[in-house]
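Engineer: sharing a model prediction with you, sequence too.
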Amino acid sequence: MKRFILISALCVPVAGLATAFDGSVEMTPNIVEIRVAPNDLAECQRSLDTLRQKPVVTDDGFRLPEFMRGDDLPRSVCVARS
């Protein structure tokens, strides 16, 4: 019983610290703009649509599960340059 109380007493501050820092980080959207000529805009968007259908993998080739593909991954958009 003493061991359980000791482990609980050590875990509670760590869990509180983790939740305190989790909500305090301000998230800025990661958007990568691909600037293309206006006549290449449709082709760029088709290419991005094709890439979005492929699985998301890490540098080691590990496929990310569906729940890990969140808003923290960068998004790419095609923008026509003027």
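Structural biologist: Structure received. Numbers count the residues shown, from 1 in each chain.
Engineer: residues in contact with residue 73?
Structural biologist: For residue 73, the contacting residues are 30, 56, by Cβ atoms under 8 Å, 6 or more residues apart in numbering. Any C-beta I mention is one placed from the backbone N, CA and C, and that applies to glycine too.
Engineer: pretty sure it is in a helix, no?
Structural biologist: No. Judged by DSSP: H, G, I helix; E, B strand; the rest coil, residue 73 forms no part of a helix; its state is coil.
Engineer: distance check, it against residue 2.
Structural biologist: For residue 73, the distance to residue 2 equals 45 Å [Cβ to Cβ, to the nearest Å].
Engineer: spell out the residue ranges of the strands in the protein.
Structural biologist: Ranges of strands in the chain, per DSSP state E, are 31-36, 75-80.
Engineer: what's the neighbour count on the closest residue to residue 37 other than its chain neighbours?
Structural biologist: Closest residue to residue 37 in three dimensions, ignoring its sequence neighbours and counting by Cβ to Cβ, 6 or more residues apart in numbering: residue 81, at 6.7 Å. Burial of residue 81, expressed as a neighbour count using other Cβ atoms under 10 Å, amounts to 11.
Engineer: equivalent analysis for residue 46, please.
Structural biologist: Counted with other Cβ under 10 Å, the neighbours of residue 46 add up to 11.
Engineer: begin at 10 from here
Structural biologist: Okay, using 10 as the starting number, the last item reads as residue 55.
Engineer: and the pLDDT at it?
Structural biologist: Predicted confidence (pLDDT) at residue 55: the value is 94.
Engineer: residue 41 too?
Structural biologist: Checking the pLDDT column for residue 41, the value is 89.
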